[in-house]
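# sharing a sequence plus its predicted fold:
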Amino acid sequence: QVQLVESGGGLVQPGGSLRLSCAVSGSIFSFNAMGWYRQAPGKQRELVASITRGERTNYADSVRGRFTISRDSDKKTVYLQMDSLRPEDTAVYYCNADGVRRYSWSPSTSNYWGQGTQVTVSS
């Protein structure tokens, strides 16, 4: 059983920082990419940042230069460092793992989501 366990959300003032963590629980062989998405009330879920197995990163225009995605392959953990936070960053943040292979002998891939963590930016 593969699960994505998120942590690090909370309440922060505008201009502050938070770091989100997403740990992969369970054994996996490889993945194509991991990313962070967010969904604000009344809005669609959107991609915030992603990182590929080769560590190529991609960011939404709204967060580029303020957020940094990284991963620790030994700990099977992906991080999202969020600086200079704005009220419009308020949302539930979800971790995603795409193209996950459980076993070296199986080409089958799956997509996984975490349970979400609330980030609120407010004074």
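Yes, it's here. Given the structure is predicted, the values throughout are model-derived calculations rather than measurements. Numbers count the residues shown, from 1 in each chain.
# the strand ranked longest in the chain pairs with which strands, and in what direction?
Secondary structure of the chain per DSSP state E: the longest strand is strand 91-100. In the sheet containing strand 91-100, the strands it pairs with under DSSP bridges are strand 33-39 (antiparallel), strand 110-113 (antiparallel), strand 117-121 (antiparallel).
# just those strands: most buried one?
For the strands paired with strand 91-100, average neighbour numbers computed from mean count of other CB atoms under 10 Å are highest in strand 33-39, which has a mean of 21. For the C-beta atoms, the positions are set from N, CA and C on the backbone; glycine is no exception.
# quick check: the residue positioned nearest the centre of the chain vs Gly116, distance?
In the chain, the C-alpha nearest the mean C-alpha coordinate belongs to Trp36, at 2.7 Å (CA atoms, centre = their mean). Trp36 sits 11 Å away from Gly116 when distances are taken as CB to CB, to the nearest Å.
# got it, and Asp89?
Going from Asp89 to Gly116 by CB to CB gives 15 Å.
# likewise Ala40?
Distance from Ala40 to Gly116, counting by CB to CB: 12 Å.
# intersection of neighbour lists for the two?
Residues touching both Ala40 and Gly116 comprise Val92, with contact defined as CB atoms under 8 Å, 6 or more residues apart in numbering.
# which one of those two is surrounded by more residues?
Looking at Ala40 and Gly116 with other CB atoms under 10 Å, you find the greater number of neighbours at Gly116, namely 17 against 14.
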